[in-house]
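Chemist: Return atomic coordinates for the entry below.
(one chain, ligands or ions: 1)
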Amino acid sequence: MAKSPLEIPGPLGSSRTRSWLAGFRRRTHPILAILGEFLPRSLDFLISIIVLLLLSPVLLLRALWSLYQTGDVLTGDTLIGRHRMPFRRLRFAGKGRFRKLIVWLNVFRGDMAIVGPRPLDAEEASTIPVEDFVRFAVRPGMISLFGVRSRIGLAHDAESVMDREQYYMQTVRGDLGLAARSAVSGVLGGSSTARLEMPPVLNFFGVPVVNTTMNEAVDWVIVNATGTKKRLMFFVNPDCLNIAWKNADYRAALKNADRVLPDGIGIHLGCRMLRKALQANVNGTDMFPQLCEAAAREQLPVYLLGASPGIAEAVANNMIQRYPELKVVGTRDGYFEPSQEQAIVDAINNSGACILLVAFGAPHQELWLRRWREQLAPSVGIGVGGLFDFYSGRIPRAPGWMREMGLEWVFRLIQEPSRMWRRYIIGNPLFLFRVRHQAKNPDKFPLPEGGHATDSFYRH
Ligand code: UDP
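Modeler: A predicted model of the protein is given here:
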């Protein structure tokens, strides 16, 4: 007997409660839409009044100081606002501190919001692609998703793409969350790095770390994957650099690698101590899906070696589901006897892989790749640490909001406190202490001659 629509679960059916709910939603939708439009603006308005009142003594003094210096109180830049209408972002005239505080007047007037895409100048606005025009449907803000992510080094997409993401995800709760993340990441990642030098290669304890972007790093792998030269690429976080400080073999493996990339908020903090700006946090876990996508597009076969039995295979299945064109030509766990190593290398070579990902953890994977480099057929070997555990689903990764605050390590610490406390509670301060030592004694930590690990793909 055919079931009545009331009994069929899913979108084909309907139930009394559902139709009642749907009706309610239909009727309240216009009210919610109007509230959605006015609530954020009302909140901005209220908050700006409170902030302006609280700051009024500072603002008054600053206004007098500007008047004394220049004969003017306010100046500003013409920027592009909501609906592409120009507005003047205010600044106090003259030199000195607190010049930008008066931007709260822009929020009060409604030219700007507290949270919203960064205001652009006319030239920048003219380069925004049509598909990203939604950024002009909202007021530009003091806190943007792009700003928060770039401070932590996680701005791996174009700004306009992130503005679009911010627009579509925007809710009052989301905005409050972004403001909170901005505050925390401001403490950890620091404010603007605009005044710091951004060298192409960073030096941590004599290890050359390439200061690049995620896209360039992926391109480098793809271009080299079909080359005749054997290339090794590693990632370093503070824990790795602490190991390198003591372990000469590992240090040599890093110094002789073709590329070492910066992983995590600790490196970001280290850079600030050295008065250098980090371009991006180019960590393996964020790179992996991008690399798989690029390898699938270019038809480059990949081999996954490492982690507990079954994990690499689960990663392969998950990634193939996501990128059906991806060719994973072999997997194998990372627990074996030294006597099995030759057979493992033979299996990798017979698979036809161009890219080999090795996940044994540091320093084991780097030393292993260095030892077998010449016998291995894949053109690019990459040490990827514990990332197979994440992509197999064995260990959950920290949620995006935690990563955006630079607190992924706190999540890892909570997950495996007995293993991680030494790495983070002792290791992170120790790393920063050692960086401070390097900052005071730069001559003790020269980079290797010949520029290993410094070659940029774009310079060739
Ligand atoms: N592992 C392995 N063989 C070993 C020891 C470890 O394959 O002999 C794997 C382990 O299962 C885990 C990864 O190496 O998947 C190390 O993870 P960890 O989180 O320590 O790496 P990290 O990214 O922190 O360097």
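
Chemist: low-scoring pLDDT stretches of the chain, where are they?
Modeler: Applying pLDDT under 70 to the chain flags the ranges 1-18, 189-195, 450-460.

Chemist: and the helix or strand in which Ile267 is found, what other elements does it pack with?
Modeler: If you go by DSSP states H and E, Ile267 is part of helix 265-273. When contacts are defined as 3 or more C-beta pairs under 8 Å, 6 or more residues apart in numbering; DSSP states H and E, helix 265-273 packs onto helix 172-189, strand 201-204, helix 238-246, helix 408-415, helix 427-440. In short, each C-beta sits where N, CA and C put it, glycine included.

Chemist: Any part of that helix near the ligand?
Modeler: No: Helix 265-273 lies out of reach of the ligand by C-beta under 6 Å from any ligand atom, never closer than 12.3 Å.

Chemist: Can you get me a residue count around the nearest residue to Ala359 once chain neighbours are set aside?
Modeler: Of all residues not flanking Ala359 in the chain, Gly306 sits nearest, at 3.1 Å (C-beta to C-beta, 6 or more residues apart in numbering). Here the count is done by other C-beta atoms under 10 Å, and Gly306 has 27 residues near it.

Chemist: ok, Gly306 - contacts?
Modeler: By C-beta atoms under 8 Å, 6 or more residues apart in numbering, the contact set of Gly306 is Ala312, Asp333, Gly334, Leu357, Val358, Ala359, Phe360, Gln365, Val384, Phe388.

Chemist: Considering those, which is situated nearest to Val51?
Modeler: If you rank the contacts of Gly306 by distance to Val51 using C-beta to C-beta, Val384 comes first, at 45.5 Å.

Chemist: following the top helix by length along the chain, which helix or strand comes up?
Modeler: The residue-count maximum for a helix in the chain (DSSP state H) belongs to helix 16-70. Using DSSP H and E, the helix or strand that directly follows helix 16-70 along the chain is strand 74-80.

Chemist: Only alpha carbons, please: show that following strand as CSV.
Modeler: Taking C-alpha atoms only, strand 74-80 is exported to CSV below (Å, rounded to 0.1, in the frame of the first residue of the first chain):
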residue,chain,number,x,y,z
LEU,A,74,40.4,66.0,11.5
THR,A,75,41.7,64.6,8.3
GLY,A,76,40.9,61.4,6.5
ASP,A,77,41.0,59.2,3.4
THR,A,78,38.3,58.8,0.8
LEU,A,79,37.3,55.1,0.7
ILE,A,80,34.6,53.1,-0.9
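
Chemist: so what's Val201 bridging to?
Modeler: Val210 (DSSP bridges).

Chemist: in stretch 321-336, what counts as buried?
Modeler: Neighbour counts over stretch 321-336 (16 or more other C-beta atoms under 10 Å) mark Tyr323, Leu326, Lys327, Val328, Val329, Gly330, Thr331, Arg332, Asp333, Gly334 as buried.

Chemist: Looking at the stretch 1-150 of the chain, which residue is nearest the ligand?
Modeler: Taking C-beta to the nearest ligand atom, the ligand has its nearest neighbour within the stretch 1-150 of the chain at Arg149, 21.8 Å off.

Chemist: which ones are touching the nearest residue to Asn283 once chain neighbours are set aside?
Modeler: Ranked by C-beta to C-beta, 6+ apart and with sequence neighbours excluded, the top spatial neighbour of Asn283 is Asp263, at 3.9 Å. Going by C-beta under 8 Å, 6+ apart, Asp263 touches Phe235, Val236, Asn237, Cys240, Asn281, Val282, Asn283, Gly284.

Chemist: Nice, that's everything, thank you.
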